[in-house]
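>>> one predicted model, sequence on top.
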Amino acid sequence: MNTPDYLSTASKAWWTSVTEEYDLEPHHVKLLEMACVAWDRCENARQVISTDGATFIDRYGQPKARPEVAIERDSRIAFTRLLRELDLDFQGSERPPALLSNMRL
């Protein structure tokens, strides 16, 4: 499985580890890709916030949240939800089986 070229180095490494460890169905691959993109977007926004701060002063002299604050929050929420959908938790010493649905009976 080819790693998308546009992912960060860290996301590419995670992509590779997940695809080597799990037998993914095509829809799981899409979820993994979206999770990697969400993580990268969250990290990019976090870097801007760490450099420029979480707020700025608008033209009326009022403090406003930087757009990156919402981008970071939304991307973090998307990542955690996609991670939950992927359901990568596995306990054991053997190679995990193909991913199963979160809707276990």
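Right, received. Where do you want to start? Numbering: from 1, shown residues only.

>>> remind me which residues of the chain are low pLDDT?
Applying pLDDT under 70 to the chain flags the ranges 90-105.

>>> how about the helices in it?
Assigned by DSSP state H, the helices in the chain fall at 9-21, 26-52, 67-86.

>>> and the longest one, what does it pack against?
With contacts defined as 3 or more CB pairs under 8 Å, 6 or more residues apart in numbering; DSSP states H and E, helix 26-52 has these neighbours: helix 9-21, helix 67-86. The way it works is simple: take the backbone N, C-alpha and C, and place the C-beta from them, glycine included.

>>> who are the packing partners of the shortest one?
Pointing back at helix 9-21 there. Checking 3+ CB pairs under 8 Å, 6+ apart, helix 9-21 ends up next to helix 26-52.

>>> so what's the closest residue to residue 54 other than its chain neighbours up against?
Of all residues not flanking residue 54 in the chain, residue 69 sits nearest, at 5.4 Å (CB to CB, 6 or more residues apart in numbering). For residue 69, the contact set (CB atoms under 8 Å, 6 or more residues apart in numbering) comprises 45, 49, 54.

>>> not counting sequence-adjacent ones, nearest residue to the second one?
In other words, residue 49. Here the residue nearest residue 49, using CB to CB, 6+ apart, is residue 68, at 5.2 Å.

>>> and residue 83, how far from residue 51?
27 Å (CB to CB, to the nearest Å).

>>> between these two, who's got more neighbours?
residue 83 (16 against 8; other CB atoms under 10 Å).

>>> ok, the closest residue to the more buried one other than its chain neighbours - how many residues close by?
For residue 83, ignoring the flanking residues on the chain, the nearest one in space by CB to CB, 6+ apart is residue 35 at 5.9 Å. By other CB under 10 Å, 24 other residues sit near residue 35.

>>> looks like residue 35 contacts residue 80 (just checking).
No: when contacts are counted by CB atoms under 8 Å, residue 35 is not listed as touching residue 80 (9.0 Å).

>>> what about residue 46, how many neighbours?
Residue 46, neighbours per other CB under 10 Å, totals 16.
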